[in-house]
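Asker: Attaching a predicted model along with its sequence, questions to come.
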Amino acid sequence: MASLKDLIDEKLWDSIKRNYLAESYTNAILDSIQFIGDLIREKSGVAGDGNTLIGTAFGGTNPKIKVNNLRTESEKNVQKGIESLLRGVYSAFRNPRSHSKYEDDETAAFEIIILINHLLKLVDQSKGRFTIDLFLKRVIDSDFVQTHKYADLLVSDIPVGKRLEVAIEVFQKKEECYIHNLKYIWTSLYKTLNENENREILEMVSEELRFTDSYPSIIRCIAIFEKAWDQIDEDARLRAENKMIKLIPQATLNRDGGTNAAGTYASWFTSIINKSSLREKISYAIYESLSSHEEDKQRFIVHHYGEYIESFEDRSVHQSLLVILKDGLLQGNSVIFHYVKNYLSRDKEPLLQKEIEKYKILDDDLPF
């Protein structure tokens with residue numbers, strides 16, 4: 001006769017072998033029922049136990065765990081049968097052994113555990129509502145609905161005990177996700193984590209930012225942690241910010257609204273720019289682009305950083321800014337004029353009044 005180990009699922013054997021080999025057969029039976037209960041909780045997202053767990057997971061017109069397609073009457077009867085068998089496992093096997101003293105022999109344990117193993121296969125092969133892979137597919141989905149309600153609905157399917165695991169997996173796969181989908185799902189997911197789990201996630205983010213050279217990774221960290229940016233370890237934040245600042249002088253925006261790669265990444269920096277302590281470096285990077293005489297670089301700065309320029313202005317570059325603006329206006333530079341009229345503070349605009357008037361005259365003379 002084959003041994004029990006050879007006849008049942010390896011993971012089931014691992015969960016019962018200690019008591020079974022010690023001839024504690026009643027406890028081995030209870031271990032096997034605990035194992036299948038854990039699987040049902042994982043697949044269904046239900047946190048209950050016993051018949052309540054079975055009824056919620058397998059019962060109703062739209063059960064959380066489906067053992068077949070539930071299209072024909074026969075298939076529906078099979079679903080009900082499996083539900084009844086699992087209820088019987090708890091009523092006939094688990095509950096009596098939990099509440100009374102039992103002394104099962106090896107034959108009884110062998111037969112009951114073989115039955116549990118058969119039910120385990122049916123549950124394991126069934127269509128559960130939640131798996132991490134399926135969840136990630138829904139996040140990556142091009143038809144993801146970018147609303148907080150939709151993200152909350154997806155997150156509500158995650159079993160409570162798997163939320164941290166899902167958060168870690170989403171973070172690790174973040175470069176595969178559309179960035180706006182990621183922002184919505186992370187907002188919903190992050191608020192379901194407890195304080196210790198949040199701390200663990202932030203430690204993971206800090207470690208990522210200490211070493212990564214991937215700009216797609218950095219901007220996704222910025223996108224999903226912008227509200228908690230100051231909770232990330234300072235050395236990791238400074239490194240990430242420094243890498244983003246280096247992109248600013250390379251960033252361009254053409255007349256048709258197209259940006260280069262540096263511009264695509266650098267535009268995300270604005271969401272945390274007011275939290276950065278590298279203000280001087282930001283200021284000089286901005287002025288480098290404004291003084292470049294390259295309109296595509298200037299246009300990028302005005303469009304994405306225009307509202308921040310004066311807040312980062314350093315005294316040492318104050319006069320330089322005026323020189324840049326005056327020169328741009330005298331050259332008929334529409335990008336500079338746009339900045340002056342839309343972003344420059346009203347107390348500074350009078351300092352450029354002559355140049356503004358000359359710009360208007362020059363603009364009127366242009367043949368286009």
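Answerer: That came in fine, so what should we check first?

Asker: all helices of the stretch 1-150 of the chain, in order?
Answerer: 4-7, 10-21, 25-44, 50-58, 73-88, 95-99, 106-125, 132-140, 148-156 (DSSP state H, counting those that start in this stretch).

Asker: Would you reformat those as JSON lines and include mean pLDDT?
Answerer: Shown next, in JSON lines, are the helices of the stretch 1-150 of the chain (pLDDT from 0 to 100):
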{"stretch": "helix 4-7", "mean pLDDT": "92"}
{"stretch": "helix 10-21", "mean pLDDT": "95"}
{"stretch": "helix 25-44", "mean pLDDT": "92"}
{"stretch": "helix 50-58", "mean pLDDT": "92"}
{"stretch": "helix 73-88", "mean pLDDT": "94"}
{"stretch": "helix 95-99", "mean pLDDT": "90"}
{"stretch": "helix 106-125", "mean pLDDT": "93"}
{"stretch": "helix 132-140", "mean pLDDT": "90"}
{"stretch": "helix 148-156", "mean pLDDT": "94"}
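
Asker: Turn those helices into CSV, including distance to Asn342 and mean neighbour count.
Answerer: The way it works is simple: take the backbone N, C-alpha and C, and place the C-beta from them, glycine included. Putting the helices of the stretch 1-150 of the chain into CSV (distance: least, Cβ to Cβ, whole Å; neighbours: other Cβ atoms under 10 Å) gives the following:
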stretch, distance to Asn342, mean neighbour count
helix 4-7, 76, 14
helix 10-21, 64, 16
helix 25-44, 55, 21
helix 50-58, 58, 20
helix 73-88, 64, 15
helix 95-99, 73, 13
helix 106-125, 62, 16
helix 132-140, 37, 15
helix 148-156, 31, 15
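
Asker: Distance to Lys354 for these - can I get that in TSV?
Answerer: Shown next, in TSV, are these (distance: least, Cβ to Cβ, whole Å):
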stretch	distance to Lys354
helix 4-7	93
helix 10-21	81
helix 25-44	73
helix 50-58	77
helix 73-88	83
helix 95-99	91
helix 106-125	80
helix 132-140	56
helix 148-156	51
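
Asker: which one of these lies closest to Tyr305?
Answerer: Checking the helices of the stretch 1-150 of the chain against Tyr305 by Cβ to Cβ gives helix 148-156 as the closest, at 28.3 Å.

Asker: re earlier: ok, which of the helices of the stretch 1-150 of the chain comes nearest Leu164?
Answerer: Nearest to Leu164, of those and by Cβ to Cβ, is helix 132-140 at 11.7 Å.

Asker: Put the alpha carbons of the closest one into PDB.
Answerer: Extracted C-alpha coordinates of helix 132-140, given in PDB (Å, rounded to 0.1, in the frame of the first residue of the first chain):
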ATOM      1  CA  ILE A 132      -2.200  38.600  -7.600                       C
ATOM      2  CA  ASP A 133      -1.600  38.000 -11.300                       C
ATOM      3  CA  LEU A 134      -5.200  38.700 -12.200                       C
ATOM      4  CA  PHE A 135      -5.100  41.800 -10.100                       C
ATOM      5  CA  LEU A 136      -2.000  43.100 -11.900                       C
ATOM      6  CA  LYS A 137      -3.700  42.400 -15.300                       C
ATOM      7  CA  ARG A 138      -6.600  44.700 -14.200                       C
ATOM      8  CA  VAL A 139      -4.200  47.400 -13.200                       C
ATOM      9  CA  ILE A 140      -2.200  47.200 -16.500                       C
END
